[in-house]
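Any chance you can model this:
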Amino acid sequence: MPMDELFAAARAVRERAYAPYSGFQVGAAVRSRNGHIYLGCNVENAAYPSGTCAEQAAIAAMIAAGEKDIAAIAIVGSAAEPCFPCGACRQRIREFADGATRVLAGGTLGAERIDTTLDALLPHAFGPEQLPGLTGLEG
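Below is the predicted model of the structure:
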């Protein structure tokens, strides 16, 4: 089950998060359209809120590897209930994914997972296709 593998990867990387200020650890796993998995965890900073979200870190790892298309993403937080991406990360995900992209949210209990789409989380999204004619944004 590909989404189970993605969820397990996000859950595992959450343990590496650096969250000394909030105590809220988040892990994210992005599956690219090529099937590769990229991981990220949140990294807080004393210049709060100048940290890095887990989703942002996973997307950056994907981009650094030369890929640009998200097929699915899983996010796991350190609360019992499922953790969803913040508004800024929803927009970051949308930059590299379409509205039908699956988003799996989970928490520490692991039993309750919410499997949804980016469109459900970010209706009427603004994406690269709204900026036609700008160089460097296509493909």
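
In the chain, where is pLDDT below threshold?
1, 110-111, 133-139 (pLDDT under 70).

quick one: the strands in it?
26-32, 37-41, 70-77, 102-106, 113-117 (DSSP state E).

Can you give the strand pairings for the second one, parallel or anti for each?
It stands for strand 37-41. Each strand paired with strand 37-41, and its direction, by DSSP bridges: strand 26-32 (antiparallel).

The partner strand: how far from the chain's middle?
Mean-position distance between strand 26-32 and its chain equals 5 Å (Cα atoms, centre = their mean, to the nearest Å).

Taking strand 102-106 as reference, get the angle to that strand.
Angle, strand 26-32 to strand 102-106, by axes from the mean of the first three to the mean of the last three Cα atoms, to 10 degrees: 160 degrees.

Only C-alpha atoms, please: export strand 26-32 in CSV.
Output of strand 26-32 as CSV, limited to C-alpha atoms (Å, rounded to 0.1, in the frame of the first residue of the first chain):
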residue,chain,number,x,y,z
VAL,A,26,6.0,17.3,12.4
GLY,A,27,7.2,14.9,9.7
ALA,A,28,6.4,15.0,6.0
ALA,A,29,6.9,12.6,3.2
VAL,A,30,6.4,13.6,-0.4
ARG,A,31,6.1,11.0,-3.2
SER,A,32,7.1,12.4,-6.5
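
Please find the angle between the direction vectors of that strand and strand 70-77.
With the same axes, to 10 degrees applied, the angle from strand 26-32 to strand 70-77 works out at 170 degrees.

For strand 26-32, list every residue counted as buried.
V26, G27, A28, A29, V30, R31, S32 (16 or more other Cβ atoms under 10 Å). Glycine gets a C-beta too; all of them are placed from N, C-alpha and C.

would a markdown table of the strands of the chain with distance to R94 be doable?
Output for these, formatted as a markdown table (distance: least, Cβ to Cβ, whole Å):
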| stretch | distance to R94 |
| --- | --- |
| strand 26-32 | 13 |
| strand 37-41 | 17 |
| strand 70-77 | 9 |
| strand 102-106 | 11 |
| strand 113-117 | 11 |
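
From the centroid of the protein, which residue is nearest?
Geometric centre of the chain, nearest residue: E55, 3.2 Å, by Cα atoms, centre = their mean.
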